[in-house]
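# Take a look and give me a structure for this.
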Amino acid sequence: MNPLQSTSLPPADPAHEHRRLRVATYNIHKGVRGVGPAKRLEIHNLQLGIEALDADVVCLQEVRNFCHRDSRRFARTHFGWPDSPQAEYLAPDGYGVAYRTNCITRTGEHGNALLSRWPIGDIGHRDVSDHRFEQRGLLHVPVSWRDTTVHVVVAHFGLIHASRVRQVEKLSAFLRDHVPAGVPLVVAGDFNDWSEKLDGPMGAIGLARGGPRVLTFPSRVPVFGLDRVYLRGLRCVSSFVPRGPAWTRMSDHLPLVTELELAG
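Reported below is the predicted structural model:
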């Protein structure tokens, strides 16, 4: 039994399970925590955590495709660095995997990923970097949920408010070009909106925040709601942030889990 299941969501209500889509968003901090000699590998614990969320769709940020430095460093640990890219390693059995790179460094690369219990379509990506010091991107994946196609965009926005506003504009242009009008849409991720000013610009492009403000950062004592789900054509029935020492340990963010239904 997964030891994190007791600190995860309560079981889904069978009476509503057929019409609810459970979407989670989680910044996994590249699968490691700490700095210097105290740096530790958390990717194996994160695998258990993501399985425990039991989400239909998992939107991930700061996912390593590879990292030469950390793979060498942790090669001698008991579990070791995974042989496969982190998105594939984290996916529960039977889940589809989509990944695209946002950031390339001297030692590796990382980006956004989507894990889906339901079949996925063609994978899209858009670079929305606002300046050379922050490489940011959007990952776009259509998900065939029962008899409906839900378009999902995994986002990781910048640290500066003006950059985030411009990234909303780039998101709007991307949606206009790649997502048909009127279809259900989820935009989930780490929006780095420390000042809580992004709901207005997102609303102006037709995206409503899914559920009330919930605190996800920093994981030890969360005071900011950086991780969010924005919706079009869907409504949020409930949201949940798992807590406890295990979740605090795995990343500097806590995951946000939402239950969604088709609107109207």
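# what's the distance between the longest strand seen in the chain and the middle of its chain?
Using DSSP state E, we find that the single longest strand of the chain is strand 57-67. Centroid separation for strand 57-67 versus its chain: 8 Å, with Cα atoms, centre = their mean, to the nearest Å.
# cool, stretch 31-42 as well?
21 Å.
# now do the same end-to-end measure for it.
One end of stretch 31-42 to the other measures 5 Å (Cα to Cα, to the nearest Å).
# From the rest of the structure, what touches it?
Applying Cβ atoms under 8 Å, 6 or more residues apart in numbering, the external contacts of stretch 31-42 come out as 28-29, 43, 46, 63-64, 70, 73-74, 77, 79, 81, 86, 249-252. From N, CA and C alone the C-beta is placed, and that goes for glycine too.
# could you redo the last one with a cut-off of 7 Å?
43, 46, 64, 70, 74, 77, 86, 249-251 (Cβ atoms under 7 Å, 6 or more residues apart in numbering).
# Going by neighbour count, which of those residues are buried?
43, 46, 64, 70, 74, 86, 250-251 (16 or more other Cβ atoms under 10 Å).
# now those residues as CSV including secondary structure?
Below are the buried ones among the contacts of stretch 31-42 laid out as CSV (DSSP: H, G, I helix; E, B strand; the rest coil):
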residue, secondary structure
43, helix
46, helix
64, strand
70, helix
74, coil
86, helix
250, helix
251, coil
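# Pick out the lowest-pLDDT one from those residues.
Within the buried ones among the contacts of stretch 31-42, the minimum per-residue pLDDT falls on residue 70 (67).
# Tell me what residue 108 is bridged to.
residue 67 (DSSP bridges).
# buried set for stretch 58-66?
58-65.
# Mind putting the contacts of stretch 31-42 into a markdown table with distance to residue 199?
Shown next, in a markdown table, are the contacts of stretch 31-42 (distance: Cβ to Cβ, whole Å):
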| residue | distance to residue 199 |
| --- | --- |
| 43 | 33 |
| 46 | 29 |
| 64 | 31 |
| 70 | 36 |
| 74 | 39 |
| 77 | 42 |
| 86 | 31 |
| 249 | 31 |
| 250 | 28 |
| 251 | 24 |
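# still on that earlier bit, got the contact list for the longest strand of the chain?
21, 23-31, 50, 85-87, 99, 101, 107-116, 143, 152, 154, 156, 188-190.
# Quick one: buried ones out of those?
Buried, going by 16+ other Cβ under 10 Å: 21, 23-31, 50, 85-87, 99, 101, 108-116, 143, 152, 154, 156, 188-190, out of these.
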